[in-house]
Structure formats: structure tokens, C-alpha cells
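# next come a sequence and a model predicted from it.
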Amino acid sequence: MDAHVAALYRHPIKGFTPERLNTAALSAGACFPNDRLFAVENGPSGFDPAAPAYVPKQKFTVLAAIAEVARARTAYDDATGVMTATAPGLPAFSGRLTEPAAAEAFAAWVGQLIGDEAKGPLKLVQADGHRFMDHPLGHVSIVNLASVRDLEAKMGREIDPLRFRANLYVEGWPAWVENDWVGRELMAGFARAKVFKPIVRCAATHVDPTTAERDADIVKALFDSYGHMFCGIYVHVTDGGSVSVGDAVTTPQAEAQA
């Protein structure tokens with residue numbers, strides 16, 4: 001096969017731990033399953049759960065602003081709805097974030113985690129059917145691992161692909177070809193999707209997801225090396241289907257000229 005899914009990840013709490021999956025069921029017009037279900041406001045964000053709408057990520061406890069978030073290890077249990085969280089020096093948390101008391105307790109736990117980085121009251125926010133995406137139409141994200149390796153060569157250091165917080169990591173495409181695929185279609189496993197746009201990267205990528213150290217200026221390296229700040233693409237699922245690690249991913253073809 002030309003290319004395949006090397007890894008699948010979701011991020012149930014915006015900014016927090018990537019969770020590795022073996023398979024996922026993608027639905028037409030929908031975001032990646034259980035991705036960015038929850039977010040923690042860093043001071044009032046204006047988010048209204050009765051009328052949920054896009055809010056910029058700067059309003060939340062995200063890696064772009066607060067590297068300490070990467071010290072946490074969170075995990076979501078689909079069957080029970082229980083979220084667990086641990087971090088060095090803190091008591092473990094466990095609770096259903098859909099329950100008000102647990103949501104309040106988790107916000108307090110995050111307050112202990114980030115300390116003085118809190119700009120105001122911390123509050124867990126959520127709404128049925130709403131996702132806290134970095135882009136209002138950033139439904140599903142894909143990173144080309146060859147592009148990451150090419151950037152590694154330019155920077156002269158290893159780069160953990162999880163810095164880019166994608167849903168699908170693909171092996172087998174040439175480096176950077178994905179930047180020219182806007183409007184083209186691809187298959188990932190048994191799902192069909194249309195490429196929406198390249199993903200513009202931010203300071204979240206500067207944080208090592210294991211050490212929580214802000215140790216690499218990825219954005220500057222992208223611009224200095226390539227003249228852009230892209231790494232990865234957003235796609236919109238047009239025909240739903242399952243996608244699993246090892247599944248084939250097609251390479252979009254340019255439309256034939258009339």
C-alpha cells in the first residue's frame with residue numbers, strides 16, 4: 001500500500017493528554033469521536049452551553065499558553081464516562097465530568113496543577129454536540145509523519161509527533177505534499193474525507209508532551225525552513241466508516257483538466 005494509518009489519537013479534554021486508539025468510527029460531517037469534548041476556562045471565556053459556539057483556544061488551559069498542562073495524564077473511559085487524571089505531586093482525580101460536582105472538582109485539580117498561570121476562575125465547560133476545536137471547522141486532523149521527519153532533519157533534533165496533537169498520523173506520503181491538497185478527497189480506512197485546509201501551528205508545539213518543557217521553537221523552524229507555519233491538514237468526513245491502525249490511506253489525485 002502507498003500509505004497507511006500509523007497511529008490514531010483523541011484528546012477528550014482540550015489541551016490535555018492524547019489517548020491512543022486502535023480503531024475509530026468516523027461519521028459524515030462530524031468531528032473525530034470523543035475529541036475535545038471538554039475544556040477548562042482560564043477565566044471567563046464567554047462560552048454559553050445553552051448556545052455553544054466557537055471560542056478561541058487562548059481562553060482555555062492549553063499548551064500554547066501553559067506548558068504545565070503537559071504534566072497531567074488524563075484518560076477517558078467511554079463505557080463509564082469517568083475521567084481520571086494524575087500529575088506529579090498531586091492527588092489523583094476520578095469522576096464523571098458531566099456531573100457538576102465532578103466538573104467543579106476537576107477545575108480545582110487543574111488549579112493546583114497550573115498554579116499562578118490561572119488568569120481567573122477555572123471552570124470546566126461542555127455542551128452536548130459541541131467540540132472545542134482550534135478551528136471552528138477543524139473536524140479531523142491528519143499529520144504526515146514524513147513531514148515531521150523532514151522538519152527534524154532541518155532542526156537537527158528529534159520531534160515527538162504528538163506535539164502536533166493530530167487524530168491520524170499517516171506513514172507513506174512524501175513530505176509536505178499534503179499542503180497542496182485543499183479540496184481533494186482521500187480515503188482513510190473505510191471513510192472518505194475532503195481536505196479542508198493546512199493546519200497553522202502555534203506555540204503549543206513548542207512543549208514536549210512528555211517532559212512539559214518548552215524546549216523547541218517549532219513555529220520559527222517551520223517558517224525559517226519552508227516559508228510557512230503548516231504541519232498537518234484538517235479534513236471533513238464526507239462518507240462515514242471505520243478507520244484502524246494499519247489501514248490504507250489514499251493519496252489525493254489532482255482533478256483532470258478538461
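That came through, no problem. Numbering: from 1, shown residues only.
# is it fair to say residue 9 lies in a helix?
No - judged by DSSP: H, G, I helix; E, B strand; the rest coil, residue 9 forms no part of a helix; its state is strand.
# okay, and the beta partners of it?
Beta bridges link residue 9 to residue 20 when assigned by DSSP bridges.
# wait, residue 176 touches residue 144, no?
Yes - here residue 176 reaches residue 144: they are 7.4 Å apart, a contact under C-beta atoms under 8 Å. Heads up, the C-betas are built off the backbone N, CA and C, glycines and all.
# can you give me the strands in the stretch 151-258 of the chain?
Under the criterion DSSP state E, counting those that start in this stretch, the stretch 151-258 of the chain contains strands at 168-171, 185-188, 191-200, 230-239, 241-244.
# Serialize those strands to JSON lines and add fields for distance to residue 111 and mean pLDDT.
JSON lines is the format used below for those (distance: least, C-beta to C-beta, whole Å; pLDDT from 0 to 100):
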{"stretch": "strand 168-171", "distance to residue 111": "32", "mean pLDDT": "98"}
{"stretch": "strand 185-188", "distance to residue 111": "38", "mean pLDDT": "97"}
{"stretch": "strand 191-200", "distance to residue 111": "30", "mean pLDDT": "98"}
{"stretch": "strand 230-239", "distance to residue 111": "31", "mean pLDDT": "98"}
{"stretch": "strand 241-244", "distance to residue 111": "37", "mean pLDDT": "98"}
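# let's have these in JSON lines, adding mean neighbour count and distance to residue 23.
Below are the strands of the stretch 151-258 of the chain laid out as JSON lines (neighbours: other C-beta atoms under 10 Å; distance: least, C-beta to C-beta, whole Å):
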{"stretch": "strand 168-171", "mean neighbour count": "22", "distance to residue 23": "12"}
{"stretch": "strand 185-188", "mean neighbour count": "21", "distance to residue 23": "12"}
{"stretch": "strand 191-200", "mean neighbour count": "20", "distance to residue 23": "11"}
{"stretch": "strand 230-239", "mean neighbour count": "22", "distance to residue 23": "15"}
{"stretch": "strand 241-244", "mean neighbour count": "18", "distance to residue 23": "4"}
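# pLDDT weak spots in the protein?
Residues of the chain that meet the criterion pLDDT under 70 lie in 1, 255-258.
# quick one: contacts for the residue positioned nearest the centre of it?
Residue closest to the average C-alpha location in the chain (C-alpha atoms, centre = their mean): residue 165, at 3.7 Å. Listed by C-beta atoms under 8 Å, 6 or more residues apart in numbering, the contact partners of residue 165 are 9, 11, 18, 141, 204.
# and residue 7, by the same measure?
Contacts of residue 7 were listed using C-beta under 8 Å, 6+ apart, and they are 20, 161, 168, 169, 245.
# can we see that at 6 Å?
Residue 7 makes contact with residue 169, according to C-beta atoms under 6 Å, 6 or more residues apart in numbering.
# any idea how far residue 232 is from it?
Residue 7 sits 13 Å away from residue 232, going by C-beta to C-beta, to the nearest Å.
# is residue 200 in contact with residue 229, as I believe?
Yes - counting by C-beta atoms under 6 Å, residue 229 is a contact partner of residue 200 at 5.3 Å.
# residues that sit against both of these two, list them.
Listed contacts common to residue 200 and residue 229 are nil; contacts here mean C-beta under 6 Å, 6+ apart.
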